[in-house]
Structure formats: structure tokens, C-alpha cells
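Asks: Dropping the sequence and predicted coords here.
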2 protein chains.
Amino acid sequence: MTAATVDFWFDFASTYSYPAMMRIGDAAERAGVAVRLRPFLLGPIFKAQGWTTSPFSIYPAKGANMWRDLERLCGDLGLPFRRPDPFPQNSLPAARIALAGLAEGWGEEFCHAAFRAQFAEGRDIADAAILADVLAQLGVDPQAALAAAQSDPVKARLRAETEQAQTLGIFGAPSFVTPDGELFWGNDRLDRALRWARDGR
Amino acid sequence: MTAATVDFWFDFASTYSYPAMMRIGDAAERAGVAVRLRPFLLGPIFKAQGWTTSPFSIYPAKGANMWRDLERLCGDLGLPFRRPDPFPQNSLPAARIALAGLAEGWGEEFCHAAFRAQFAEGRDIADAAILADVLAQLGVDPQAALAAAQSDPVKARLRAETEQAQTLGIFGAPSFVTPDGELFWGNDRLDRALRWARDGR
């Protein structure tokens, strides 16, 4: 029997993707569910909805509450938290690096490290020098990784992943999709999604 | 010592206000927290954000996921659910009736009954005949209640409540506010808000 699987769709600039990334490993293990990391870009999907930046920037009251909520949430989870500046950050370079790394076996570690860099350490993950440093700390050759991330196959892959996200009905991040196509939106639905993947309902 | 209190801000057209209304009584009792029902209108607040209807209607992917999510959620909670038609419903008459009822001792029962009528029974709570029927089933004189709801003090009260919601930073419903001004948005934050009200953090 194949193990139950959840696809975890996230954007590196997405605030609630941070706690989701930090806790999905343990939560999935407890549930007996395998996780596939699916980095994608929210930007094109937001643009199709008429938004040119994060809705948290467009709607100030919603944004103010999100920061406070995220701070409380990270406190409850024991996760360090620093509000990223700038926000939202350009997540394109990190997403490409993650796809390169997932094909080479260091993708999951990179995803954790990049979210920590941005949301725990206040670093700008659009900056190539910072990404190189994050990679070096993982023992990954930064030059080779950044070159792989700039390759045509990885660029095409990220475009295809983003298109697939849109086809699946994804409109925000994090999102969780089970093999039967059930879509769960938000860090608050992580555990419910794992249960659905395991039990089929 | 005064009992801990949470203000429960809701709009009768708000989908996630339905499960929140149905479970807040038991959840608050378990937490030892008192609840104040604060009906208000989201319409003017959405309008200030540039929306002329529900964001679930403006953004179809978000709307489709909300209906599916609400169906799953009600299933998990054992709550009957029927998708309201039309959606969103005009919540103005119900909000005024609720304010009149809260001043007269039958407001809480009416709030429950109106949410059930809309989300469990598929009735249109913008319809005066349906509202009259809901009131009659509670043993409340419909004509007197509808007249009270149309009185100038109740109309002014609802405008003031909606203005206060906006001042508190409320941008959606349900929202929960503790006496120290902490704002929690969404049915998913109900339990966290009660804990904050009880523990002050």
C-alpha cells in the first residue's frame, strides 16, 4: 500500500507558510503521511485576481492583524519571529533554488533555512549574497546551486508548478492538496489536511 | 473579580460566523469566559476597502474553497449545513432585530435561530416574512420586534456598533476582541481568543 501523501504548496514570501514549514515535518510523521514540497509563486495568481502586491499590504487592517496574529502564533509554537523588512520579499530566487535543491537532495533543508532566515533572522532572501550564505551554511556549493537555479529547466519547472497550482484552484499559501484533489488553505488547515490524506475524509 | 469577557463581533451574512455562533456558548463556558454578542455590518467596512460585495464572490477560487471548507468544518462539528441562496444575504434587518432583542432578553436565541435558518435550513433572512416566522417560533411577537428593529435608536445603535468595529480594526467576521483590545479574526481563532480573555495572554 502506498503511504498517504500531502502536497504542501508554499511561496517563500508567504507569512503563514513559515509556521507551516516549521511544523509540517513532525505533524506529518505523527499522522503517518508523506509530504511533497511544492514551492510556487503566488505573484502571478494574485495578479490574475487584480492584486499587484500582497493583500496584507493592500488592506492595512488585515495586514496589521496578520502580523499580530503571526507573532502570537509563533509565540504559541515556540518559533522565533522577526517581521521581514522589506515585505513582501521577492520569492523568485528562493523558489528556483528550492526546485534545484529538491532534485538534488538538499531542497528540504534549504526550504527550512530560507524561511528561518527571513522570518526568524530578518534577512532579505531576495538577496543573492544572503542566499549564498544560507546555502554555504547547509554545506551546499552556492555557485553551483545558484547556477542550477538559473538554468532553463528549473525556470520552466517553476512556471509549470505555478500554472498547476492555479489549475488546482490554489489562491493563497500555504495550501495542502491530497491525492484525491481535496484543497485545504492555510496553516490552520494543516492538521485537517493530514487527517484527510490519511483517512480519505 | 470581574469575569473574563470576549466581545463576539459578527455579521449575519458571514459564513464562518455560523459555526462560531453555534459553538461559542459551550466553548466560552468551558473556558470560564463571558461572551457579549456584537452584531454589526461588514458592508460599510468592505466598501471602505473597495469591495461592493463579499470577497468570496469577488474572488471565485477563494469562494469555491470557502464553501467546501465550511462544508467540511460543519461536518466535523456535526452542524447541519446548506449553502445559502442568495449569497451574500442582506444582513441589515437581522442585525437590527438582534440589537432590539439583546436589549429585551431574547437576542441570543434570535441570533442562533437566524443563523440556523440561513445556513442549516436555506432560508433568506433578508425576507421580513421569514424573520417574522423565526421570531414567532421563539415566542417573540413578530410585529413588536420588527417595529422595535425599525426604531431610530436601534438604527443609530447599529451604525454606532459598525463604526466601533471599524475603530477596533475589525475587517472581517467573526472577530473576537478582549477587554485589553486584542483582536482575533476568524472562527479558527475562537478558542485562542477565549484563552487570551482568561489568561491575559
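Replies: Everything's here; your move. Numbering: from 1, shown residues only, chains lettered A, B, ... in the order given.
Asks: got the CA positions of the lowest-mean-pLDDT helix or strand in chain A in CSV?
Replies: When the helices and strands of chain A are scored by mean pLDDT, DSSP states H and E, helix A:55-58 comes last with a mean of 88. Coordinates of each C-alpha in helix A:55-58 appear next as CSV, following Å, rounded to 0.1, in the frame of the first residue of the first chain:
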residue,chain,number,x,y,z
PRO,A,55,-3.3,41.6,0.1
PHE,A,56,-1.8,42.3,3.5
SER,A,57,-0.2,45.4,2.0
ILE,A,58,-3.3,46.4,0.1
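Asks: Hmm, residue A:145 is touching residue A:100, no?
Replies: Yes - look at residue A:145 against residue A:100 with C-beta atoms under 8 Å: they come within range, at 6.1 Å. C-beta here means a position set from N, CA and C on the backbone, and glycine is covered the same way.
Asks: phi, psi of residue A:52?
Replies: phi -100, psi 0 (degrees, to the nearest 10).
Asks: likewise residue A:175?
Replies: Taking degrees, to the nearest 10 as the convention, residue A:175 sits at phi -130, psi 150.
Asks: For the nearest residue to it once chain neighbours are set aside, name its beta-bridge partners.
Replies: The shortest distance from residue A:175 to any non-neighbouring residue, by C-beta to C-beta, 6 or more residues apart in numbering or on different chains, is to residue A:9 (4.4 Å). For residue A:9, the beta-bridge partners are residue A:38, residue A:175 (DSSP bridges).
Asks: quick one, what contacts residue A:9?
Replies: By C-beta atoms under 8 Å, 6 or more residues apart in numbering or on different chains, the residues touching residue A:9 are A:38-40, A:165, A:168, A:170, A:173-177.
Asks: now residue A:164: how far from chain B?
Replies: With distances taken as C-beta to the nearest C-beta, to the nearest Å, residue A:164 is found 14 Å from chain B.
Asks: Who are the contact partners of that residue?
Replies: For residue A:164, counting by C-beta under 8 Å, 6+ apart, the contacting residues are residue A:40.
Asks: Remind me which helix or strand it belongs to.
Replies: helix A:152-167 (DSSP states H and E).
Asks: could I have that helix exported to PDB, CA atoms only?
Replies: Output in PDB follows, covering the C-alpha atoms of helix A:152-167 (Å, rounded to 0.1, in the frame of the first residue of the first chain):
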ATOM      1  CA  ASP A 152      16.200  26.900 -18.200                       C
ATOM      2  CA  PRO A 153      14.800  23.600 -17.000                       C
ATOM      3  CA  VAL A 154      14.400  25.000 -13.400                       C
ATOM      4  CA  LYS A 155      12.900  28.200 -14.700                       C
ATOM      5  CA  ALA A 156      10.400  26.200 -16.800                       C
ATOM      6  CA  ARG A 157       9.600  23.900 -13.900                       C
ATOM      7  CA  LEU A 158       8.700  26.800 -11.600                       C
ATOM      8  CA  ARG A 159       6.400  28.300 -14.300                       C
ATOM      9  CA  ALA A 160       4.800  24.900 -14.700                       C
ATOM     10  CA  GLU A 161       4.400  24.400 -11.000                       C
ATOM     11  CA  THR A 162       2.700  27.800 -10.600                       C
ATOM     12  CA  GLU A 163       0.400  27.000 -13.500                       C
ATOM     13  CA  GLN A 164      -0.500  23.700 -11.900                       C
ATOM     14  CA  ALA A 165      -1.200  25.500  -8.600                       C
ATOM     15  CA  GLN A 166      -3.600  27.700 -10.400                       C
ATOM     16  CA  THR A 167      -5.300  24.800 -12.100                       C
END
